[in-house]
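J.: Please find the sequence and the predicted model below.
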Amino acid sequence: MKTKSKIRRTPVTPYKPLPKGERGGVELLLIHAVEHVGKQGQVVEVKPGYAYNYLIPHGLATLASDHHKRMVEKHKVKLAQIELARQAELRKQAAELAKQSITIEANATEDGHLYGSVGANEIVAALKNNDIHLSADQIRLEGPLKELGLYTVKVRYSTEVEGELKVWVVPTVSAEA
């Protein structure tokens, strides 16, 4: 009579276990500032899935080893200077953007209501025509623009720097004239 012996297998994962934090999450050192998580050089605790699937693969964070923590402490002053220079550059870009205004043509009724709406993607496309490159998630609209007129739109460069942009929504000129 043969008996089956149970073989215990350890699960094979492509990831090494990450250091646990005080609250059961994963401790990581942020390489870049991540909105709603922390600033560059900060040790944060996040959920394991967020660490494995987003922060580490995108190069936004690394393991919070003692060596990395010591290196950050040594370079904290340099990191602060780099961040100040980056913020100054973003403020300069925001000031340049405030001087500009863009015009977006849209089909509208006689009383000024648009048939569709103007959203962040249309604003980004109009800015690209003026050689200003922003992403749609940097444009902060309270809602789609549904009427003709002048709008002041907020543009978010970083967590500390916001700018404003004047957007004219005008009726499409027909070729009948």
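T.: That came in fine, so what should we check first? Numbers count the residues shown, from 1 in each chain.
J.: domain parsing for this structure?
T.: 26-91, 95-171 (automatic domain parsing).
J.: Out of these, which is closest to Lys20?
T.: For Lys20, the closest of these is domain 26-91, at 6.8 Å, according to C-beta to C-beta. C-beta here means a position set from N, CA and C on the backbone, and glycine is covered the same way.
J.: For the closest one, what is the distance to the chain centroid?
T.: Distance of domain 26-91 from the chain centroid (C-alpha atoms, centre = their mean, to the nearest Å) equals 15 Å.
J.: Quick check: end-to-end length of it?
T.: Start to finish, the residues bounding domain 26-91 are 34 Å apart (C-alpha to C-alpha, to the nearest Å).
J.: before we move on, what about stretch 127-134?
T.: So stretch 127-134: terminal residues 8 Å apart, C-alpha to C-alpha.
J.: Give me the contact list for it.
T.: For stretch 127-134, the surrounding residues in contact (C-beta atoms under 8 Å, 6 or more residues apart in numbering) are Leu97, Gln100, Ile102, Val124, Val155, Leu165.
J.: for the chain, what's the longest helix?
T.: The helix that spans the most residues within the chain, counting by DSSP state H, is helix 66-98.
J.: could you give the mean pLDDT of that one?
T.: Looking at helix 66-98 alone, the average pLDDT works out to 86.
J.: Repeat that for stretch 170-177.
T.: Per-residue scores along stretch 170-177 average to 67.
J.: Could you do stretch 106-114 as well?
T.: Stretch 106-114 comes out at a mean pLDDT of 88.
J.: Next: stretch 121-134.
T.: 89.
J.: Please shift the residue numbers so they start at 23 in all later answers.
T.: Sounds good: first residue 23 from here, last item stretch 143-156.
J.: List the buried residues of it.
T.: Glu144, Ile145, Val146, Ala148, Leu149, Ile154, Leu156 (16 or more other C-beta atoms under 10 Å).
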